[in-house]
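Undergrad: predicted coordinates and the sequence they were generated for:
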Amino acid sequence: QKKHAKPNAATSSDKGGIEGAVNEAYNKYKDLKEGKNADYIPELAKVPSEQFAIVVIAPDGKVYSKGDADAMYSIQSISKVLTLARDIEDFGPKAIQDKIGVDPTGQKFNSAVFVEENKGKELNPLVNAGAIAATSMVKGNTYEEKWNTILQTHNDFAGRQLSVNDPVYKSEAATNQHNQALASLMNSFERMYFDPAKSVDIYTKQCAININTKDLAMIAATLANGGTNPVTKKKVVSPETVAHVLPVMATCGLYDDSGIWFYNVGLPAKSGVGGGIMAIVPGQYGIAAFSPRLDEAGNSVRAQKAITDIVNKLGLNPY
Ligand code: DON
C-alpha cells in the first residue's frame, strides 16, 4: 500500500519493513544462477559467483544487511560516480557538461563508434571514454596528485581507508588496450585533459579499488544524505554537486539498460562489472547489492532484482 509514498515519508515503522524487505529479496534470489561473471578482465572471472549481499543504510547510519556483506570486490564503474562528484565539486557542473557531456549514448559502455561519430563530444562521465576524460580532469598536476585526490574521495564517501585490489588492477592493466584506444581517440579530438596513457592507468586503478557491500551502501547513503557521510559526518561534496551527480546516474547509470532500470525503479543507480550496484533514495536510504553474475548489458542480475524488489516493497520509487 506504500507504493506511491513520498520520498520523505520514512517513519520508524518503515525501518521495521526494511529488514523484512531485505530478507525477502535475499531469500527469493539467493539460488538464482542467471548471467555470468565478467571475464574480459581475467581476474573478475575468478570471483566466486555464488556471493550475494544486500545492504541498506538509513539516514541515521543504521545498517541493514544480509548475505556476504563483508566480501571484498572491485568497485569498477561505480567509481566513475565518485570521480564525477569530485570534478563537479572542484570545477562546477558546467565544466562537465562542456568538456565531457551529460547525455546517454544508447551504446555499450565501452563503445568507440559513438566517440568517433560524435568527435568525442556529447558523451557522459559514466561510459568508459567519458569516465577516462573525467579522471584526466581530476585536480592535481601529476599522476600521484590525481590518484591521491581520487582515492581520498573514495575513502571519504565510504568513511574508511580503502585500498586497491592489486591482482584486479594488474589484470586489467595488462588487458585494457581497448580503453587505451578510447583515450587516444578522445585525445585526437582534444577531449582528454591529461596524458592519455597515464589517465587510463589512473582510471584502471580507480576501478580496482576494493570495497564490500557495506562500503557501497555507505557511499550510496552519503549521496542520499546530500554529500555528507551519515556516520563520519564529513562533508565530502556539497548538496549542489549531488544534485548534478544523481541525474547523470538516473540517465546513464546502468549503461544501455538505464532506461529500463529507471522505468521500473525510478531511482538513480550505478552498476559495476565487479557485480555491485548502488541505488540512491534522495534524503533517505543508500541501497547496495552485490552478485558477480552479469547480464548482457554488464549489470549484475541478482543485484538489479534485489534492489528493484526492495524499492517496490518499501514504496521508495518517487514517481
Ligand atoms: O573499464 C572497464 O571496462 C572497467 N574497469 C569498468 C567497466 C564497468 O564496470 C562497466 N560496468 N558495468
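TA: That came in fine, so what should we check first? Since this is a predicted model, take the numbers as computed values, not measurements.
Undergrad: doesn't Phe157 make contact with Thr232?
TA: No: if you go by C-beta atoms under 8 Å, Thr232 and Phe157 don't touch, sitting 9.9 Å apart. Glycine gets a C-beta too; all of them are placed from N, C-alpha and C.
Undergrad: neighbour count winner among the two?
TA: Phe157 (29 against 17; other C-beta atoms under 10 Å).
Undergrad: so the spatially most central residue of the chain, which state does it fall into?
TA: Residue closest to the average C-alpha location in the chain (C-alpha atoms, centre = their mean): Ile78, at 2.3 Å. Classification of Ile78 by DSSP: H, G, I helix; E, B strand; the rest coil places it in helix.
Undergrad: who's in contact with it?
TA: Going by C-beta atoms under 8 Å, 6 or more residues apart in numbering, Ile78 touches 216, 219, 270-272, 274, 276-278.
Undergrad: OK, contacts around the closest residue to it other than its chain neighbours?
TA: Distance criterion C-beta to C-beta, 6 or more residues apart in numbering; nearest residue to Ile78, sequence neighbours excluded, is Gly272 at 4.3 Å. Shown in contact with Gly272 (C-beta under 8 Å, 6+ apart): 74-79, 207.
Undergrad: so which of the residues you listed reach the ligand?
TA: The subset of the contacts of Gly272 within reach of the ligand, by C-beta under 6 Å from any ligand atom, is 76-77, 207.
Undergrad: may I ask which of the residues you listed has the most neighbours?
TA: Neighbour max across the ones next to the ligand among the contacts of Gly272 (other C-beta under 10 Å) = Cys207, 28 neighbours.
Undergrad: is any residue of the helix or strand containing Thr135 near the ligand?
TA: Using DSSP states H and E, Thr135 sits in helix 128-137. Yes: for helix 128-137, a contact with the ligand is found by C-beta under 6 Å from any ligand atom, at Asn128.
Undergrad: which other helices and strands does that helix contact?
TA: helix 79-91, helix 93-99, helix 177-188, helix 196-207 (3 or more C-beta pairs under 8 Å, 6 or more residues apart in numbering; DSSP states H and E).
Undergrad: including distance to Asn264 and mean pLDDT, could those go into CSV?
TA: CSV is the format used below for those (distance: least, C-beta to C-beta, whole Å; pLDDT from 0 to 100):
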stretch, distance to Asn264, mean pLDDT
helix 79-91, 20, 98
helix 93-99, 27, 98
helix 177-188, 30, 98
helix 196-207, 27, 98
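Undergrad: least confident secondary structure element in the chain?
TA: Lowest by mean pLDDT, DSSP states H and E among the helices and strands of the chain is helix 12-29, with a mean of 84.
Undergrad: now do that helix: which elements does it pack against?
TA: Judged by 3+ C-beta pairs under 8 Å, 6+ apart, helix 12-29 is in contact with strand 53-57, strand 63-67, helix 301-314.
Undergrad: dump those into a markdown table; add distance to Pro104 as well.
TA: Output for the helices and strands packed on helix 12-29, formatted as a markdown table (distance: least, C-beta to C-beta, whole Å):
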| stretch | distance to Pro104 |
| --- | --- |
| strand 53-57 | 27 |
| strand 63-67 | 31 |
| helix 301-314 | 18 |
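Undergrad: tell me which parts of the stretch 51-200 of the chain are close to the ligand?
TA: 76-77, 109-110, 128, 172, 179.
Undergrad: max pairwise distance over these: which two?
TA: Phe109 and Glu172 (14.2 Å; C-beta to C-beta).
Undergrad: out of these two, which sits in the busier spot?
TA: A count of neighbours by other C-beta under 10 Å puts Glu172 above the other of Phe109 and Glu172, at 25 against 22.
Undergrad: for the helix or strand where the more buried one lies, the distance to its chain's centre please.
TA: Assigned by DSSP H and E, Glu172 belongs to helix 166-173. Offset of helix 166-173 from its chain centre (C-alpha atoms, centre = their mean, to the nearest Å): 19 Å.
Undergrad: so what secondary structure elements neighbour it?
TA: helix 196-207.
Undergrad: flag every buried residue along the helix it packs on.
TA: For helix 196-207, burial by neighbour count (16 or more other C-beta atoms under 10 Å) applies to 196, 198-207.
Undergrad: that one versus helix 79-91: what angle between them?
TA: Helix 196-207 and helix 79-91 meet at an angle of 120 degrees, taking axes from the mean of the first three to the mean of the last three C-alpha atoms, to 10 degrees as the criterion.
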